[in-house]
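I need the structure of the sequence given here:
(one chain, ligands or ions: 1)
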Amino acid sequence: MVTGAHTPLTVDLSGLRVAITGGAGGIGSAMADSFYACGAKVFISDIDTAALAASPHPHIRADAGVVADCEALVDAAVAQLGGLDVLVNNAGIAGPTARVEDVTPDALDATLRIDVASMFHCSRRAIPHLRASGGGAIINLSSAAGRFGFPLRAPYSAAKWGVIGFTKSLSIELGPDGIRVNAILPGPVDGLRIRAVIKAKAAAAHISENEMTERTVATTSLRCFVTQQDIANMALYLASPFGATISGQAISVDADMQTTM
Ligand code: NAD
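Sure, this is the predicted structure:
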């Protein structure tokens, strides 16, 4: 039985200045801890004030769905870190679980705003600082839902496909400045978020959570969930000198997912 990583990649990122959205929980928190463990200087944003207060990393409360908050978070990161080398656009929501005809305009709007438009706004504000650093990296969190169609999750899937188009376009624009832009596509990452999604999908399909869990794992050829650390390790690699010639890529870390859930 394959299991994912539980320790950070060993790579020296001393002094690298890294901002991570949605960094107080889930994958973002694993990334923040991992960058810090590798010697980077880390700044995070989130909307969960309790989780922010419990985080060891400098932070700001900023809603990725609000343009002014996206700008404030980049400004605060630059002020705290003394510049910026890496922006990780991680914050995202699952969006509604419903057939397209039942999705409300508000739910659609929130999903597109938080899951894709936020990446545009944060990047737009960060680019001059990355350029001033002489190069850098932007890492966007997409999803296997940005590679397959996801029935009952159309707003999320549309947003995550959008992240890929944004990533590939921006990488071409910024390549001449030595700024690399990549997307990571996590598959089913074990944690609270996937459990909530499985619960909602099980209810919608009128089956048990156990059955939906088995169906989820069976979508991967490796027959397993991915760990948050697996995703964090890919971010470390992409931000490190080992990723120096990787840009414009949509990289799956998904236990070889073969089909939609
Ligand atoms: P999560 O829900 O566990 O945590 C995300 C963090 O973002 C939380 O701390 C939350 O408070 C914060 N957040 C939520 N809305 C926010 C907002 N509007 N502004 C700022 N912060 C906000 O999610 P996760 O599983 O860690 O996912 C992180 C990223 O990875 C997301 O973009 C998600 O779509 C993507 N992803 C996750 C999975 C998975 O299985 N977990 C799979 C594919 C892709």
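
Can you name the residues of the stretch 1-150 of the chain that neighbour the ligand?
Residues of the stretch 1-150 of the chain lying near the ligand by CB under 6 Å from any ligand atom: 21-22, 24-28, 45-48, 51, 63-65, 90-93, 114, 141, 143. All C-beta spots, glycine's among them, are computed from the backbone N, C-alpha and C.

Inside strands: which ones of those residues?
Thr21, Ser45, Asp46, Leu141 (DSSP state E).

Find the residue closest to Thr21 in space, skipping its chain neighbours.
Excluding its sequence neighbours, the residue lying closest to Thr21 (CB to CB, 6 or more residues apart in numbering) is Ala91, at 4.0 Å.

can you redo the ones in strands among the residues of the stretch 1-150 of the chain next to the ligand as CSV with pLDDT?
Below are these laid out as CSV (pLDDT from 0 to 100):
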residue, pLDDT
Thr21, 98
Ser45, 98
Asp46, 98
Leu141, 98
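
So Leu185 sits against Val253, correct?
Yes - using CB atoms under 8 Å, Leu185 is in contact with Val253, at 7.0 Å.

Among the two, which residue is more densely surrounded?
Leu185 (25 against 20; other CB atoms under 10 Å).

what about the host helix or strand of the more buried one, near the ligand?
For Leu185, the host element (DSSP states H and E) is strand 179-186. Yes - contact check for strand 179-186 against the ligand, using CB under 6 Å from any ligand atom: residues in range are Pro186.

How much space separates the residue nearest to Thr21 from Pro241?
According to CB to CB, to the nearest Å, Ala91 stands 27 Å off from Pro241.

which one in the chain is furthest away from the centre?
In the chain, the greatest distance from the average C-alpha position (CA atoms, centre = their mean) is reached by His206, at 29.9 Å.

Quickly run through the sheet partners of the strand holding Leu185, with directions.
Sheet pairing of strand 179-186 (DSSP bridges) gives strand 136-141 (parallel), strand 250-253 (parallel).

Run through the chain and note the low-pLDDT ranges.
Under the criterion pLDDT under 70, the flagged ranges of the chain are 1, 261.

Show me where it has its helices.
With helices called from DSSP state H, the chain shows them at 26-37, 49-54, 67-81, 105-112, 118-132, 154-174, 192-205, 209-217, 228-239.

Now these in a markdown table, please, with extra columns for mean neighbour count.
Shown next, in a markdown table, are the helices of the chain (neighbours: other CB atoms under 10 Å):
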| stretch | mean neighbour count |
| --- | --- |
| helix 26-37 | 24 |
| helix 49-54 | 13 |
| helix 67-81 | 20 |
| helix 105-112 | 15 |
| helix 118-132 | 20 |
| helix 154-174 | 20 |
| helix 192-205 | 16 |
| helix 209-217 | 15 |
| helix 228-239 | 24 |
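
Throw the ones you listed into TSV and include distance to Gly4, thanks.
Below are the helices of the chain laid out as TSV (distance: least, CB to CB, whole Å):
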stretch	distance to Gly4
helix 26-37	11
helix 49-54	23
helix 67-81	29
helix 105-112	27
helix 118-132	25
helix 154-174	21
helix 192-205	13
helix 209-217	13
helix 228-239	4
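
who wins for proximity to Ala5 among those helices?
Of all the helices of the chain, it is helix 228-239 that lies closest to Ala5, at 4.5 Å by CB to CB.

tell me the angle that closest one makes with strand 136-141.
Put simply, helix 228-239 runs at 150 degrees to strand 136-141, going by axes from the mean of the first three to the mean of the last three CA atoms, to 10 degrees.
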